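> quick one: sequence and predicted model below, then my questions.
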2 protein chains.
Amino acid sequence: MIFLKDNVLLERDLRLEDVKPRLLGHWGTCPGLVLIWSHLNLLIRDSSVDMLFVIGPGHGAPAALACLWLEGSLERFYPDKYPTNKEGLHNLITKFSTPRGFPSHINPETPGCIHEGGELGYALSVSFGAVMDNPDLIVTCVVGDGEAETGPTAAAWHSIKYLDPAESGAVIPILHVNGFKISERTIFGCMDNKELILLFSGYGYQVCIVEDLDLIDVELHTALFWALSEIKKIQEAARSGSPITKPRWPMIILRTPKGWTGPRTVDNEIIEGSFRAHQVPVAKANKSEEHLQILQDWLKSYEVHQLLADGKPSHDVLDILPPEEYKRLGQLKVVYDCYRGLDLPDWTPHAAEKFDQTSSMQQSGKFLDDVARKNMKAFRIFSPDELESNKLSAVLDHSGRNFQWDQYSRAQGGRVIEILSEHCCQGFLQGYTLTGRTAIFPSYESFLGIIHTMMIQYAKFSKISRKLSWRGDLSSINYIETSTWARQEHNGFSHQNPSFIGAVLNLKAETARVYLPPDANCFLSTLHHCLKSKNYVNLMIGSKQPTPVYLSTEDAMEHCKRGISIWKFASTHDGEDPDVVLVGIGVEVTFEVIKAAELLAKLVPELRVRVINVTDLLVLPHESHHPHALKPKDFEELFTLDKPVCFNYHSYATELQGLLFGRPALHRMTVEGYKEEGSTTTPFDMMLVNNVSRFHVASRALNAAALHNDAIHEKLSGLLSSINEEMTQVQEYIGEYGKDPDNIYELNITKTES
Amino acid sequence: MIFLKDNVLLERDLRLEDVKPRLLGHWGTCPGLVLIWSHLNLLIRDSSVDMLFVIGPGHGAPAALACLWLEGSLERFYPDKYPTNKEGLHNLITKFSTPRGFPSHINPETPGCIHEGGELGYALSVSFGAVMDNPDLIVTCVVGDGEAETGPTAAAWHSIKYLDPAESGAVIPILHVNGFKISERTIFGCMDNKELILLFSGYGYQVCIVEDLDLIDVELHTALFWALSEIKKIQEAARSGSPITKPRWPMIILRTPKGWTGPRTVDNEIIEGSFRAHQVPVAKANKSEEHLQILQDWLKSYEVHQLLADGKPSHDVLDILPPEEYKRLGQLKVVYDCYRGLDLPDWTPHAAEKFDQTSSMQQSGKFLDDVARKNMKAFRIFSPDELESNKLSAVLDHSGRNFQWDQYSRAQGGRVIEILSEHCCQGFLQGYTLTGRTAIFPSYESFLGIIHTMMIQYAKFSKISRKLSWRGDLSSINYIETSTWARQEHNGFSHQNPSFIGAVLNLKAETARVYLPPDANCFLSTLHHCLKSKNYVNLMIGSKQPTPVYLSTEDAMEHCKRGISIWKFASTHDGEDPDVVLVGIGVEVTFEVIKAAELLAKLVPELRVRVINVTDLLVLPHESHHPHALKPKDFEELFTLDKPVCFNYHSYATELQGLLFGRPALHRMTVEGYKEEGSTTTPFDMMLVNNVSRFHVASRALNAAALHNDAIHEKLSGLLSSINEEMTQVQEYIGEYGKDPDNIYELNITKTES
């Protein structure tokens, strides 16, 4: 697959022109993967388990694809292109790593795959997520010794501690030690067996080492059947009501040379068993006759003519396959047709009264408690130990935390896992979602960025999946960000970072969804919508602190449906025919916009101020850029064509500026947002130091309005100094008393409500 | 510090009004930290080592600050505010966690600190980075059992395997197990001693467990002296030329109850030894007389009147301090005055000939080899095993990889560490830089985002450091991104992700530096500049593939100094009085811009096309937003005020659009960039699918020009279909042959050069 563009069965001697012009692919990890795949076939055949194979070294795509072709799984999903015959084999080999074939890394086009072959570190946690609430599923997960160096993998070994053998399936982790990364030796390759056994015993595993190359088949066969029997023991004990305390789950360490069975040397350099086997071991096979000869000798050593006579796998090969095709590693239904929607309860019983003060998270926690109770085996929450702090702990009212190592916990059936590893949370979320269920990942806003690249890898997987007719829908992956920078006046600067929004905005428009619901009712409506939705990356951002509820249940639904509305109740002159438009996007900055309008109404009653709230960020880009984007007419109706618009935005200004590009007359718009200013201080001081306070908004509005209005221009400096004076008073109060003035959070809008 | 705003020495009974209006701070981790700090004092006093204390649980700021006040380190750096007397104590306590005092987490304002108290997971790798090439330094690093769950920490335990005891100092890691995170139990708290000893022995440590609360002082004292003596043994063996193979470095596990010595119960709920001790254990001390009484009893239990009579620490306390003040944990010079600039060699010997094809990385590798040779103890490269793949391996010509566990490597003195953990690389980079040295972190572009939030935490640390007169300058932290998406046609979609640029752009303008040098000479000039610079986050993005060299040594220097230039040689009509401006930012997309100009010259010779290259991204924002930003006059001279401008940008379009906000007449500008399209394909196909190919640029230019020029408007459809036809031919060629047409990379500009 790496080399040939013709003569794939070696029916004649190889010629230079049989070799591809560009040699793309990775050989080193493949022999080990094929070895494991073959043995898994035997295991499935003889024990009839439901099994998936998650491959950490995703650059070993040739191994996976070859096995999938042999077992007929490629034919199943690509009957025209890759049948299990000579033509299919020709296509598989010649098109690999070309613009019209499979790419060089495992991706969703690979049947049976639930893990993008790219960024390393996540195979293990994804595997554990997949088996949760899937009691009959076993995922064999191979982790390369390169991947094993990553932090996310190092943490994920602990995942067994969150796995209830009564309700969930199991993972057989195989650490594949072949000694080399791209060019450096690996840590695990330089650890001796004593060190490895100690390490993994410490993690809580029973370790079996497979390393005798002469007896490798016997050893690996025995190891896999042993692992399965150990799993069965643990599961049966738990399922019969006598769970084993701290069960020692099995894991396997497989030591084989990198690029095993490949050429020993090329150009006098060692290949097999060295880092040089990583990619293309015979680099000049399309240019040098000498290299071509090495290639031919190597390929012939596999006796292709016997194994694949006329392109048909021999009986020896086919015999080890599970007889039921749907049991083969590429065809388990849980990968391609698994979507289970949630039985979603009504959110409105948890709606708050208009103009009450309440925490979006507290109300959402109650709703999530309902969701969990109605979907006991199809819904989970993964969180880095922030559920309580994020005020979502109502989900624990009828459920526990599924932490098996803690014998004092209500672990059984618990819908919540709280591990202080965002990487594990994200991996579990992915595995759980990719096998048809629905989950939520609530987090402090500042720390969700830790899994930014994982989320992007997932979105890439999702994008390609959507193009494949044979892959079904999946639930969206759902993030709740709270404890936002605006209320991290407590923990201070290091806890202020809204950058995850930007990461979601970079995704394809068909996937990216970003919501900043302004109050509890809007948050509930949004949450309900997201849990229903499919195939998106949903980011919901809200406050855990009590904040005003502006909209009734019905108004909230309507506002969320539109994604943006004029808020008459907060505007002056009913928001009609405005001189200036103030826009709040995000909880606290919207409150400041409302207060700015109030301040302006007091100072300059004749100024016509329209207040807008955006709850769905993606209404703002140019209509060609997102399905939610406002049509030009609607944009004009809301923002006018020429009046000044002051955005008060939750995240970085540049982000929103980029989104607005393409909208009319950008020079009339100003954007302020979080600008990396803050410390342990008071909540209102956070608004002040980031220039998003009511005083800043009002000043911006006046400056802008003055350009178009001579009357305002005339009294501008007076107005500004009056605003500054008030601001200075507040600053002094904060400095003196170490808290905000009480009246700063009073909402005076009820009276203006129609 | 969490509670009192007055009466800090408890000279009279507490009153409600003595208690702060907002109770901010974290108690649970503090007793353990104070315990360790005290014992470290003894250790330093008696053994006279140079020691730093890196505190993972950064929310334990009160513990650190209290100890720093006692030892006089606060007085040293804040003589007016925090002297070691009654007034200083009053200030310390009453101002903590208020707008005018220390924030609630450890930050650079804390003397002796080299680690932001925020996102968890990095204390250990930062500690190892700090001791590298600092043979006399010992860093004691406490890792909380919450932090221990993070992946980055789990990987960082392996750091001993990269520590050469001959050339570097040592770390004493202390895993502080107190059993609870914010509200859930911890993994490590639920592991028994057998599991812990196995795990850390597997990592390669000797483990000492300190847990007998009755004998805690004896046990901890003994453990620390044991650790130091084990370190000395290992170091002496290595330094006398008989290094121990795989030396077993010491580590300590300290088990104490969370919130030890705090209130046992409040409102009938257990506090000491439970998660409720995490933050404020007596939450209503400012409202309830009952809580106030609990607080008073608790605080009095420490016998403050004896220990701090009249605000002076007693002799018992002072006696354990190291007598030399500069040895105290808050005053080691390596933290506040440590900058060692590099002895920087000239880069020009590695300059490439104009119009040659060469790899920016290959040339840079040679330069870095020179840098390493001239700065053997002050320069390092940390990379996730990509040095060879990134074609920077010339640095290995005179140096090795410093991997101690690999007995076959040229580890001694090696300037390179290649561990497949971006988190470790970043942690090492931070620790190394924060103690005065200089390092580079080269990475595949797509995977640098893994440490996006770590980089932000570092930048936050750096921002506050700069405001402190007593903290000196530091080298910048330097990233090289290569193997960019544009040349990840090999590994495919999962390896395409330029989002790290956006993360750097979100930083404060005084810190953020982003360079996209268009050729090898510009890259060398940029690299030289970055290695010289101080206090920035430098991101350099280039190609590892051979690409044309456009500028001579002098021109490259001049171009890099300006950050942006008109490229006459690539423009038509000498780039003067343009009808349309084409802008390339990034290597491959700039090449396409040049080819687009060529195409336009052929098709529409009368069209005046100006070609601009931007090498310093931050010349583009509005001048108020970045010190490098072009003045309006200069912007106008380059881009005109009204002519169409077509940007071909390396990263996401929205990013650049956001930067341009505030520049004149944005409606005339179009931006294309990477838009999450790609697979394993050919390099030119990557340009095509992301709409940044020469054909796309030329079409955009023509469409834009046609709006202002009737002659072009008339023949527009003919021109566009001619472009389309050529594009289709190329697409078909790629589809058929699986490679790009050879002539697609020909540069035809030498002849037009003056």
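Done, it's in.
> does any part of the longest helix seen in chain A sit near chain B?
Secondary structure of chain A per DSSP state H: the longest helix is helix A:710-737. Yes. Looking at helix A:710-737 against chain B by C-beta under 8 Å from any C-beta of the partner chain, the contacts come from A:Ile734, A:Gly735, A:Tyr737. All C-beta spots, glycine's among them, are computed from the backbone N, C-alpha and C.
> and what of stretch A:665-674?
Yes. With C-beta under 8 Å from any C-beta as the criterion, chain B is reached by stretch A:665-674 at A:Leu666, A:His667, A:Val671.
> could you say which helix or strand holds A:Gly502?
Assigned by DSSP states H and E, A:Gly502 belongs to helix A:500-505.
> right, and the helix or strand after that helix?
strand A:512-515.
> any of the residues of helix A:710-737 next to chain B buried? List them.
Among the residues of helix A:710-737 next to chain B, those that count as buried by neighbour count (16 or more other C-beta atoms under 10 Å in any protein chain shown) are A:Ile734, A:Tyr737.
> dump the residues of helix A:710-737 next to chain B to a markdown table, plus pLDDT.
Shown next, in a markdown table, are these (pLDDT from 0 to 100):
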| residue | pLDDT |
| --- | --- |
| A:Ile734 | 94 |
| A:Gly735 | 91 |
| A:Tyr737 | 89 |
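> redo the residues of helix A:710-737 next to chain B as JSON lines? Include distance to A:Phe500.
Formatted as JSON lines, those follow (distance: C-beta to C-beta, whole Å):
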{"residue": "A:Ile734", "distance to A:Phe500": "29"}
{"residue": "A:Gly735", "distance to A:Phe500": "32"}
{"residue": "A:Tyr737", "distance to A:Phe500": "34"}
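> among the residues of helix A:710-737 next to chain B, which one sits closest to B:Leu198?
For the residues of helix A:710-737 next to chain B, the residue nearest B:Leu198 by C-beta to C-beta is A:Ile734; the value is 52.5 Å.
> I'd say that closest one and A:Met687 touch.
No. Counting by C-beta atoms under 8 Å, A:Ile734 stays clear of A:Met687, with 10.9 Å between them.
> near chain B, which residues of the stretch 451-600 of chain A are found?
Going by C-beta under 8 Å from any C-beta, the residues of the stretch 451-600 of chain A near chain B are A:452-453, A:456-457, A:459-460, A:463-464, A:490-495, A:497, A:499, A:502-503, A:505-508.
> again, but for the stretch 251-400 of chain A
Residues of the stretch 251-400 of chain A lying close to chain B by C-beta under 8 Å from any C-beta are A:Asp385, A:Glu386, A:Leu387, A:Glu388, A:Ser389, A:Ser393.
> could you count how many residues lie near the third one?
As a burial measure, the neighbour count of A:Leu387 was computed by other C-beta atoms under 10 Å in any protein chain shown and equals 25.
> ok, the second one next?
In terms of burial, A:Glu386 registers 23 neighbours under the definition other C-beta under 10 Å.
> pretty sure it belongs to a helix, no?
No. Going by DSSP: H, G, I helix; E, B strand; the rest coil, the assignment for A:Glu386 is coil, not a helix.
> which residues does it contact?
Residues counted as contacts of A:Glu386 (C-beta atoms under 8 Å, 6 or more residues apart in numbering or on different chains) are A:Glu418, A:Pro442, A:Ser443, A:Tyr444, A:Ser483, B:Ile182.
> isn't A:Met51 right next to A:Cys141, touching?
No. Taking contacts as C-beta under 8 Å, A:Met51 lies outside contact range of A:Cys141: 10.9 Å.
> if we can go back for a sec, can you flag which of the residues of stretch A:665-674 next to chain B belong to strands?
Of these, the ones assigned to strands by DSSP state E are A:Val671.
> and the residues of stretch A:665-674 next to chain B, which are buried?
A:Leu666, A:Val671.
> hang on, the earlier thing: tell me the one among the contacts of A:Glu386 nearest to A:Pro323.
Using C-beta to C-beta, the contacts of A:Glu386 come closest to A:Pro323 at A:Glu418, 43.0 Å.
> now for the closest one: which residues touch it?
A:Ser383, A:Pro384, A:Asp385, A:Glu386, A:Leu387, A:Arg401, A:Phe403, B:Lys181, B:Ser183, B:Glu184.
> how about those residues, which pair is most distant?
A:Glu386 and A:Phe403 (15.0 Å).
> returning to what we had before: of the contacts of A:Glu418 - the most surrounded one?
Within these, A:Pro384 tops the neighbour count with 30 neighbours, counted by other C-beta under 10 Å.
> how about the contacts made by that one?
A:Glu418, A:Ile419, A:Leu420, A:Ser421, A:Glu422, A:Cys425, A:Ser443, A:Tyr444, A:Phe447.
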